[in-house]
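Enquirer: predicted model, plus sequence, below.
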Amino acid sequence: MSLSEKMFGSQRAITIWVVSIVFAIVFPAYFSYMASSSDAMGGAAAGAKGKWQVNFIQDNLTSDETMNLADGEQGDFFFDLDSGDMMIGYVEITVSCNDNDEPGPGPGVDAVDVQTDFSEVEGTPDDESGSGSCNGDAVSFTIQITPDWDGSSYITEGVSKNDIEAKWNDGGNGSGEWLTSVTMDVNSPGPEIITGFVDSDEDVTVSWRAALYSLDITAVAEEL
Ligand SMILES: [Ca+2]
Ligand SMILES: [Ca+2]
(Lines give C-alpha, C1' and ligand atoms only; values in the text may rest on other atoms or scores of the structure.)
(Ligands and ions follow the chains in the order given, each with its own letter.)
Protein backbone atom coordinates (compact mmCIF):
# COMPACT_ATOMS: atom_id res chain seq x y z
CA MET A 1 0.00 0.00 0.00
CA SER A 2 1.45 3.31 -1.09
CA LEU A 3 1.58 6.37 1.13
CA SER A 4 -1.22 8.02 -0.75
CA GLU A 5 -3.34 4.93 -0.47
CA LYS A 6 -2.72 4.99 3.33
CA MET A 7 -3.78 8.61 3.56
CA PHE A 8 -6.71 8.62 1.21
CA GLY A 9 -7.69 5.00 0.88
CA SER A 10 -8.50 5.06 -2.82
CA GLN A 11 -8.41 7.14 -5.96
CA ARG A 12 -12.05 8.07 -5.37
CA ALA A 13 -11.18 9.35 -1.89
CA ILE A 14 -8.42 11.45 -3.38
CA THR A 15 -10.86 13.02 -5.79
CA ILE A 16 -13.25 13.83 -2.95
CA TRP A 17 -10.38 15.37 -0.94
CA VAL A 18 -9.31 17.54 -3.86
CA VAL A 19 -12.84 18.67 -4.59
CA SER A 20 -13.39 19.47 -0.90
CA ILE A 21 -10.20 21.51 -0.71
CA VAL A 22 -11.08 23.42 -3.88
CA PHE A 23 -14.53 24.23 -2.46
CA ALA A 24 -13.05 25.22 0.89
CA ILE A 25 -10.88 27.77 -0.89
CA VAL A 26 -13.26 28.86 -3.62
CA PHE A 27 -16.49 29.27 -1.63
CA PRO A 28 -15.23 31.77 0.96
CA ALA A 29 -13.56 33.69 -1.82
CA TYR A 30 -16.81 33.58 -3.82
CA PHE A 31 -18.96 34.73 -0.92
CA SER A 32 -16.58 37.49 0.11
CA TYR A 33 -16.54 38.67 -3.50
CA MET A 34 -20.36 38.60 -3.63
CA ALA A 35 -20.57 40.50 -0.35
CA SER A 36 -18.23 43.20 -1.59
CA SER A 37 -19.85 43.43 -4.98
CA SER A 38 -23.35 43.59 -3.48
CA ASP A 39 -22.12 46.53 -1.39
CA ALA A 40 -21.01 48.07 -4.62
CA MET A 41 -24.40 47.27 -6.13
CA GLY A 42 -26.13 48.86 -3.12
CA GLY A 43 -24.18 52.03 -3.81
CA ALA A 44 -24.81 51.75 -7.48
CA ALA A 45 -28.56 51.22 -6.98
CA ALA A 46 -28.96 54.94 -6.26
CA GLY A 47 -27.01 55.61 -9.44
CA ALA A 48 -28.72 52.90 -11.46
CA LYS A 49 -31.31 53.97 -13.97
CA GLY A 50 -34.79 52.67 -13.35
CA LYS A 51 -38.47 53.50 -12.99
CA TRP A 52 -39.43 55.60 -9.99
CA GLN A 53 -42.50 57.01 -8.29
CA VAL A 54 -41.63 60.48 -7.01
CA ASN A 55 -43.80 61.95 -4.26
CA PHE A 56 -43.33 65.06 -2.17
CA ILE A 57 -44.10 65.19 1.53
CA GLN A 58 -45.32 68.76 1.88
CA ASP A 59 -45.71 71.35 4.57
CA ASN A 60 -46.38 75.09 4.70
CA LEU A 61 -44.81 77.73 6.88
CA THR A 62 -47.09 80.74 7.10
CA SER A 63 -46.96 84.11 8.77
CA ASP A 64 -48.82 87.38 8.51
CA GLU A 65 -48.59 90.82 9.98
CA THR A 66 -50.90 93.85 9.85
CA MET A 67 -49.91 97.51 10.17
CA ASN A 68 -51.84 100.73 9.97
CA LEU A 69 -50.13 103.14 7.59
CA ALA A 70 -50.78 106.84 7.01
CA ASP A 71 -50.56 108.50 3.61
CA GLY A 72 -47.00 108.22 2.32
CA GLU A 73 -45.90 106.11 5.26
CA GLN A 74 -43.73 103.03 4.66
CA GLY A 75 -44.11 99.83 6.66
CA ASP A 76 -41.40 97.15 6.74
CA PHE A 77 -42.67 93.59 7.12
CA PHE A 78 -40.24 90.77 7.93
CA PHE A 79 -40.51 87.02 7.54
CA ASP A 80 -37.76 84.84 9.04
CA LEU A 81 -37.74 81.57 7.16
CA ASP A 82 -36.03 78.47 8.52
CA SER A 83 -37.14 75.35 6.67
CA GLY A 84 -35.35 72.92 9.01
CA ASP A 85 -34.62 69.63 7.26
CA MET A 86 -37.12 70.30 4.48
CA MET A 87 -36.49 71.87 1.09
CA ILE A 88 -38.08 75.16 0.06
CA GLY A 89 -40.18 74.94 -3.09
CA TYR A 90 -41.31 78.54 -3.33
CA VAL A 91 -42.41 81.48 -1.22
CA GLU A 92 -45.65 83.38 -1.79
CA ILE A 93 -46.04 86.95 -0.56
CA THR A 94 -49.45 88.60 -0.60
CA VAL A 95 -50.11 92.23 0.28
CA SER A 96 -53.74 92.94 1.02
CA CYS A 97 -55.69 95.99 2.12
CA ASN A 98 -59.32 97.00 1.99
CA ASP A 99 -60.15 100.68 1.92
CA ASN A 100 -63.52 101.05 3.61
CA ASP A 101 -63.36 104.73 4.50
CA GLU A 102 -65.47 105.72 1.52
CA PRO A 103 -68.36 103.85 -0.07
CA GLY A 104 -67.51 101.58 -2.99
CA PRO A 105 -64.71 101.63 -5.53
CA GLY A 106 -63.82 104.90 -7.21
CA PRO A 107 -61.28 107.66 -7.26
CA GLY A 108 -60.98 107.59 -3.48
CA VAL A 109 -59.62 104.07 -3.21
CA ASP A 110 -56.29 103.81 -1.36
CA ALA A 111 -53.36 102.05 -3.01
CA VAL A 112 -50.02 100.52 -2.10
CA ASP A 113 -46.57 100.44 -3.62
CA VAL A 114 -44.63 97.33 -2.68
CA GLN A 115 -40.89 96.78 -2.88
CA THR A 116 -39.02 93.75 -1.56
CA ASP A 117 -35.49 93.40 -0.25
CA PHE A 118 -34.23 89.81 -0.34
CA SER A 119 -30.57 90.68 0.26
CA GLU A 120 -30.71 88.77 3.58
CA VAL A 121 -32.15 85.64 1.95
CA GLU A 122 -29.81 82.75 1.05
CA GLY A 123 -29.26 82.71 -2.70
CA THR A 124 -30.47 86.33 -2.94
CA PRO A 125 -33.61 85.89 -5.08
CA ASP A 126 -34.41 88.71 -7.50
CA ASP A 127 -36.38 91.48 -5.83
CA GLU A 128 -39.99 92.14 -6.75
CA SER A 129 -42.06 95.30 -6.91
CA GLY A 130 -45.63 96.15 -7.71
CA SER A 131 -48.60 98.39 -7.02
CA GLY A 132 -52.26 97.74 -6.43
CA SER A 133 -55.55 99.13 -5.16
CA CYS A 134 -56.90 98.40 -1.70
CA ASN A 135 -59.79 96.22 -2.83
CA GLY A 136 -58.53 93.00 -1.26
CA ASP A 137 -55.34 91.36 -2.53
CA ALA A 138 -53.41 94.32 -3.93
CA VAL A 139 -50.11 92.68 -4.88
CA SER A 140 -48.82 89.12 -4.77
CA PHE A 141 -45.51 87.55 -5.69
CA THR A 142 -44.38 83.94 -6.01
CA ILE A 143 -40.64 83.45 -5.68
CA GLN A 144 -39.51 80.08 -6.94
CA ILE A 145 -36.65 78.61 -4.92
CA THR A 146 -36.44 75.06 -6.30
CA PRO A 147 -36.67 75.50 -10.08
CA ASP A 148 -39.85 73.99 -11.60
CA TRP A 149 -41.09 72.57 -8.29
CA ASP A 150 -44.88 72.63 -7.85
CA GLY A 151 -45.41 69.62 -5.59
CA SER A 152 -46.92 67.31 -8.22
CA SER A 153 -46.20 63.60 -7.95
CA TYR A 154 -44.98 61.80 -11.03
CA ILE A 155 -43.48 58.59 -12.37
CA THR A 156 -40.22 58.74 -14.26
CA GLU A 157 -38.14 56.24 -16.14
CA GLY A 158 -34.57 55.96 -17.38
CA VAL A 159 -33.10 58.11 -14.62
CA SER A 160 -31.31 57.25 -11.40
CA LYS A 161 -32.43 58.03 -7.85
CA ASN A 162 -29.41 60.31 -7.62
CA ASP A 163 -30.64 62.24 -10.66
CA ILE A 164 -34.04 62.77 -8.99
CA GLU A 165 -32.49 63.89 -5.71
CA ALA A 166 -30.20 66.28 -7.57
CA LYS A 167 -33.14 67.79 -9.46
CA TRP A 168 -35.34 68.44 -6.40
CA ASN A 169 -33.00 70.39 -4.22
CA ASP A 170 -33.22 74.00 -3.04
CA GLY A 171 -29.44 74.22 -2.90
CA GLY A 172 -29.67 75.72 0.58
CA ASN A 173 -31.44 78.78 -0.85
CA GLY A 174 -34.49 80.60 0.49
CA SER A 175 -33.79 80.65 4.21
CA GLY A 176 -33.18 83.94 5.96
CA GLU A 177 -34.94 87.26 6.36
CA TRP A 178 -37.51 88.21 3.73
CA LEU A 179 -38.31 91.92 3.79
CA THR A 180 -41.36 93.43 2.14
CA SER A 181 -41.78 97.21 2.30
CA VAL A 182 -45.19 98.76 1.67
CA THR A 183 -45.80 102.45 1.05
CA MET A 184 -49.36 103.66 1.53
CA ASP A 185 -51.09 106.00 -0.89
CA VAL A 186 -54.26 107.24 0.77
CA ASN A 187 -56.81 108.69 -1.61
CA SER A 188 -60.06 110.55 -1.06
CA PRO A 189 -62.81 111.22 -3.57
CA GLY A 190 -62.57 114.93 -2.89
CA PRO A 191 -62.14 117.55 -0.19
CA GLU A 192 -63.66 116.50 3.11
CA ILE A 193 -65.68 119.74 3.22
CA ILE A 194 -67.49 118.63 0.04
CA THR A 195 -67.62 114.83 0.35
CA GLY A 196 -67.83 114.50 4.11
CA PHE A 197 -65.40 111.56 4.05
CA VAL A 198 -62.27 111.55 6.15
CA ASP A 199 -59.55 109.15 4.99
CA SER A 200 -56.08 109.41 6.43
CA ASP A 201 -54.84 105.82 6.70
CA GLU A 202 -55.34 102.16 5.91
CA ASP A 203 -54.57 98.76 7.39
CA VAL A 204 -52.20 96.60 5.34
CA THR A 205 -51.58 92.90 5.85
CA VAL A 206 -48.58 91.07 4.42
CA SER A 207 -48.91 87.28 4.35
CA TRP A 208 -46.20 84.75 3.61
CA ARG A 209 -46.46 81.12 2.70
CA ALA A 210 -43.35 79.03 2.24
CA ALA A 211 -44.14 75.74 0.47
CA LEU A 212 -41.76 73.11 1.88
CA TYR A 213 -41.15 69.54 0.83
CA SER A 214 -39.06 66.47 1.29
CA LEU A 215 -38.63 63.68 -1.21
CA ASP A 216 -40.27 60.25 -1.13
CA ILE A 217 -38.87 58.13 -3.97
CA THR A 218 -39.88 54.50 -4.46
CA ALA A 219 -38.80 52.06 -7.13
CA VAL A 220 -41.59 50.90 -9.41
CA ALA A 221 -41.39 47.19 -10.28
CA GLU A 222 -41.12 46.67 -14.00
CA GLU A 223 -43.96 44.60 -15.40
CA LEU A 224 -42.88 41.19 -16.71
CA1 LIG B 1 -59.62 106.16 0.54
CA1 LIG C 1 -58.41 104.38 3.92
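Expert: Right, received. Where do you want to start? Numbering: from 1, shown residues only. Ligands and ions are numbered 1, 2, ... in the order given.
Enquirer: skipping adjacent residues, who's closest to the residue in the chain positioned nearest to ligand 1 in space?
Expert: Nearest residue of the chain to ligand 1: D199, at 3.8 Å (CB to the ion). Where C-beta positions appear, they are placed from N, C-alpha and C, glycine not excepted. Sequence neighbours aside, D101 is the residue nearest to D199 in space, at 3.9 Å (criterion: CB to CB, 6 or more residues apart in numbering).
Enquirer: ok but the one you found is inside a helix, no?
Expert: No: D101: not assigned to a helix; according to DSSP: H, G, I helix; E, B strand; the rest coil it is coil.
Enquirer: what's the next secondary structure element after whichever strand or helix holds A46?
Expert: Per DSSP states H and E, A46 falls inside helix 11-47. Once the chain leaves helix 11-47, the next helix or strand it forms, by DSSP H and E, is strand 49-70.
Enquirer: so what strands line up beside the helix or strand just after that next one?
Expert: Next along the chain after strand 49-70, taking DSSP H and E as the criterion, comes strand 74-81. Counting by DSSP bridges, the strands paired with strand 74-81 are strand 176-185 (antiparallel).
Enquirer: identify the residues contacting the next helix or strand after the partner strand?
Expert: Next helix or strand after strand 176-185 toward the C-terminus (DSSP H and E): helix 192-195. With contact meaning CB atoms under 8 Å, 6 or more residues apart in numbering, helix 192-195 is reached by E102, G108, S188, P189, V198.
Enquirer: how close does the nearest residue to the first one once chain neighbours are set aside sit to ligand 2?
Expert: Just to be clear, that refers to E102. Residue nearest to E102 in three dimensions, not counting chain neighbours: G108, with 4.3 Å by CB to CB, 6+ apart. Noted for G108: a distance of 8 Å to ligand 2, by CB to the ion, to the nearest Å.
Enquirer: does G108 touch D199 like I think?
Expert: Yes: with contact defined as CB atoms under 8 Å, G108 reaches D199; the gap is 6.6 Å.
Enquirer: spit out the residues that contact these two alike.
Expert: By the contact definition CB under 8 Å, 6+ apart, G108 and D199 are jointly contacted by D99, D101, E102, N187, S188.
Enquirer: so which of those residues are also by ligand 2?
Expert: Filtering these for proximity to ligand 2 by CB under 5 Å from the ion leaves D99, D101.
Enquirer: can I get the shared contacts of G108 and D199 in CSV with distance to ligand 1, neighbour count and pLDDT?
Expert: As requested, the shared contacts of G108 and D199 are exported to CSV (distance: CB to the ion, whole Å; neighbours: other CB atoms under 10 Å; pLDDT from 0 to 100):
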residue, distance to ligand 1, neighbour count, pLDDT
D99, 4, 20, 95
D101, 5, 18, 89
E102, 5, 20, 85
N187, 5, 18, 93
S188, 6, 19, 89
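Enquirer: where does pLDDT dip in the chain?
Expert: Counting by pLDDT under 70, the chain shows low-confidence ranges at 1-9, 14, 16-19, 21-23, 25-45, 104-105, 223-224.
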